[in-house]
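In: no sequence on this one, just coordinates:
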């Protein structure tokens, strides 16, 4: 039997094989999982698929889910995590929530207690979708084998469509083993909606009239495939830009119009701020930039700010928005922003000179900035840099400016620790020829360091750079500021985390002398194995911050 419209044959197989076939049709190459009997049919489907789907098994379900979330970010194809019923699913909830906050496309398939035993107390019997629903685009049970093809197709389509995010489905164990049929979809990527051209013209008019504009480019610029259009707009009209999240690298590090190092001035003294592809949340002062008018551009209507005072807004396919905006500006008199751009560039250059003192600091204990002074010159243009930590990773945001888009991973506005090992696994698979560098705080490492075992078992070399200040640095300083003392903010001093990595089959070393950071990094990059450079840093050298995220 065939479908006349697509000439694709109807497939008959057990439900696990059908689920794998739909995932593969949507571009999935890897299933992240931790072994569980409730989802055995999906493993069988992966092994017997043509070609087989890679099975990547981890030591904690959170790592599987974080790896799927990072895969969605890096590849712009929904990542796939398959988690066994009950605690397998609930262990993945934080990663699902992170994906919801960050707009990361991913599908999580959960095991579920058998339908024919439901209500009798079978192992790990839990109605999971109501738990997941508040932190997902969609959460539902596919009750029979016959529902799997359509349900999985809907899950991947929803996850990969604007605004992207996580989708959860579970399938009763007995139905997973049953046979079903369905037409395997083509898995074509959906484009965003056509934007309102009149709204784009209004934004162009505001830009043309502005004397001190700034554009902020966020994660959804990358997720929506709009990075080329964004760079063309910035360069074509000479618009100074700041990037955040996975928008980092859209304007290459070192570009004269990238003024992130002048962020304070750029976001306090403009007369117009155009924010594209990122929410007006605590990272952007909730959309208040001095006396500036504010424009919000989003990939879908629900992402346009409802709390900020906006001069204009538009939603839709971001490539179309940016190209229409560029064309509208080119049709009119070219704005003259040269004095403003020069002012921002001078401010950025002064900041870089100040940064150079920290990047070369000889302090003992080591200042965290010195680590970046050694690391940044060693990063290739296509290096993937992953942040998993608080204070130490805040310094990374200040000093690491990616040269290419799609090369920076952080938790996003949810701020979840423990995502790093999953992201490193995903990055090594997605970018097999690139450097993969995981920046770890010693606190964050406690959530997932055992998954170095996963890196070792699957032959995935990653360079891990730890800023080890023996404390929860992001909490210790603020608590002292508020109360004059701190509690529950200290960790064991100088813990030998590198020996944990070595015991798991990787390699590593401790560094206490700033002059030895560079040579240690060279050994790490040359090692070809998971390698942890455990750098003991000064707990009092805290990142200077203006907000606690409140």
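Out: Sure thing, it's come through. Just so it is clear, the model here is predicted, and its values are computed rather than measured. Residues are numbered from 1 along each chain as shown.
In: Tell me who's in contact with the nearest residue to residue 388 once chain neighbours are set aside.
Out: Nearest non-adjacent residue to residue 388, counting by C-beta to C-beta, 6 or more residues apart in numbering: residue 420, 2.7 Å away. Quick note: C-beta positions are derived from backbone N, CA and C, even for glycine. Each residue near residue 420 by C-beta atoms under 8 Å, 6 or more residues apart in numbering is listed here: 66, 386, 387, 388, 389, 438, 439, 440, 444, 445, 448.
In: which residues does the nearest residue to the first one once chain neighbours are set aside contact?
Out: Right, residue 66. Sequence neighbours aside, residue 422 is the residue nearest to residue 66 in space, at 2.8 Å (criterion: C-beta to C-beta, 6+ apart). Neighbouring residues of residue 422 by C-beta under 8 Å, 6+ apart: 32, 58, 62-70, 95, 448, 451.
In: If we use 10 Å, what do you get?
Out: Neighbour list for residue 422: 32, 58, 60, 62-71, 79, 81, 95, 386, 388, 448, 451, 454 [criterion: C-beta atoms under 10 Å, 6 or more residues apart in numbering].
In: Run through the bridge partners of the residue nearest in space to the middle of the chain.
Out: The centre of the chain sits closest to residue 409, judged by C-alpha atoms, centre = their mean, with a distance of 4.6 Å. According to DSSP bridges, the partner residues bridging residue 409 are residue 386.
In: how much space between the residue nearest to residue 66 and residue 434?
Out: Distance of residue 422 to residue 434, given as C-beta to C-beta, to the nearest Å: 17 Å.
In: Quick check: the gap between the residue nearest to residue 66 and residue 58.
Out: Counting by C-beta to C-beta - residue 422 and residue 58 are separated by 7 Å.
In: Okay, now stretch 498-509: how far is its last residue from its first?
Out: One end of stretch 498-509 sits 6 Å from the other (C-alpha to C-alpha, to the nearest Å).
In: So which bits of it are buried?
Out: 498, 500, 501, 502, 504, 506, 507, 508, 509 (16 or more other C-beta atoms under 10 Å).
In: what are the phi and psi angles of the second one?
Out: For residue 500, the backbone dihedrals are phi -60, psi -50 (criterion: degrees, to the nearest 10).
In: same thing with the fourth one?
Out: When read as degrees, to the nearest 10, the backbone of residue 502 gives phi -60, psi -40.
In: Show me what the closest residue to it other than its chain neighbours is bridged to.
Out: Leaving aside its sequence neighbours, residue 502 sits nearest to residue 508 (C-beta to C-beta, 6+ apart; 5.8 Å). Beta bridges link residue 508 to residue 532, judged by DSSP bridges.
In: One more: residue 464?
Out: residue 438, residue 532.
In: how close does it sit to residue 524?
Out: 8 Å.
In: Buried residues, stretch 329-349. List them.
Out: For stretch 329-349, by 16+ other C-beta under 10 Å, it's 329, 335, 337, 340, 341, 343, 344, 345, 347, 348.
In: Just to check, the first one is in contact with residue 239?
Out: Which is residue 329. Yes - under the criterion of C-beta atoms under 10 Å, residue 329 makes contact with residue 239 at 8.8 Å.
In: which residues do those two both contact?
Out: If you check residue 329 and residue 239 against C-beta under 10 Å, 6+ apart, the residues they both contact are 207, 233, 335.
In: Just the ones of these in helices?
Out: 207, 233 (DSSP state H).
In: tell me, how many neighbours does the residue nearest to residue 410 when sequence neighbours are not counted end up with?
Out: Nearest in space to residue 410, with sequence neighbours left out and distances taken as C-beta to C-beta, 6+ apart, is residue 387 at 4.3 Å. For residue 387, the count of nearby residues is 25 (other C-beta atoms under 10 Å).
In: residue contacts, residue 387?
Out: 393-397, 400, 408-411, 419-420, 423, 437-441, 444.
In: 7 Å instead, please
Out: Residue 387 sits next to 393, 396, 409, 410, 439 when contact means C-beta atoms under 7 Å, 6 or more residues apart in numbering.
In: Just the buried residues of the residues you listed.
Out: 393, 396, 409, 410, 439.
In: State the distance from the fourth one to residue 416.
Out: The spacing between residue 410 and residue 416, counted by C-beta to C-beta, is 10 Å.
In: Equivalent analysis for the second one, please.
Out: Between residue 396 and residue 416 the computed distance is 16 Å (C-beta to C-beta).
In: Point out where the chain drops to low pLDDT.
Out: 1-8, 187, 545-550 (pLDDT under 70).
In: is it true that residue 258 touches residue 248?
Out: No - taking C-beta atoms under 7 Å as the definition, residue 258 is not a contact partner of residue 248, at 9.6 Å.
In: Mind checking which of these two has more residues around it?
Out: Neighbours per residue (other C-beta under 10 Å) separate residue 258 from residue 248, with residue 248 holding more: 29 against 24.
In: Can you give me every residue that contacts the more buried one?
Out: Neighbours of residue 248 in contact, by C-beta under 7 Å, 6+ apart: 402, 408.
In: one more time with 8 Å, if that's ok
Out: 401, 402, 405, 407, 408.
In: do the same with residue 62
Out: So residue 62 contacts 91, 92, 94, 95, 418, 422, 447, 448 (C-beta under 8 Å, 6+ apart).
In: Correct me if wrong, but it is in a helix.
Out: Yes - looking at residue 62 with DSSP: H, G, I helix; E, B strand; the rest coil, it is inside a helix.
In: what's the spacing between it and residue 451?
Out: Where residue 451 is concerned, residue 62 sits at a distance of 9 Å (C-beta to C-beta).
In: what's the answer for residue 536, then?
Out: On the measure of C-beta to C-beta, residue 536 and residue 451 end up 23 Å apart.
In: Same drill for the two, tell me which one is more crowded.
Out: Per other C-beta under 10 Å, whichever of residue 536 and residue 451 has more neighbours is residue 451, with 26 against 21.
In: tally of neighbours for the closest residue to the more buried one other than its chain neighbours?
Out: Excluding its sequence neighbours, the residue lying closest to residue 451 (C-beta to C-beta, 6+ apart) is residue 421, at 4.0 Å. Residue crowding around residue 421 was assessed by other C-beta under 10 Å; the count is 33.
In: Quick one: residues contacting residue 421.
Out: Contacts of residue 421 (C-beta under 8 Å, 6+ apart): 63, 66, 388, 438, 448, 449, 451, 452, 454, 455.
In: can you pick the most crowded of those?
Out: residue 66 (38 neighbours).
In: Which other helices and strands does the lengthiest helix in the chain contact?
Out: Ranked by number of residues, the top helix in the chain under DSSP H is helix 338-359. Here helix 338-359 touches helix 263-268, helix 368-375, helix 391-399, going by 3 or more C-beta pairs under 8 Å, 6 or more residues apart in numbering; DSSP states H and E.
In: ok so, going back, please name the residues that touch the residue nearest to residue 502.
Out: Per C-beta under 8 Å, 6+ apart, neighbours of residue 508: 464, 497, 498, 499, 501, 502, 524, 531, 532, 533, 534.
In: The third one and residue 533 touch, don't they?
Out: Yes - under the criterion of C-beta atoms under 8 Å, residue 498 lies in contact with residue 533, with a separation of 7.5 Å.
In: Touching both of these two, which residues are there?
Out: Going by C-beta under 8 Å, 6+ apart, residues that sit against residue 498 and also against residue 533 are 466, 508, 509.
In: just to revisit the earlier point, which residues are common contacts for residue 422 and residue 58?
Out: 32, 64, 67, 451.
In: ok, the second one touching residue 84?
Out: Read it as residue 64. No - using C-beta under 8 Å, residue 64 makes no contact with residue 84, being 10.2 Å away.
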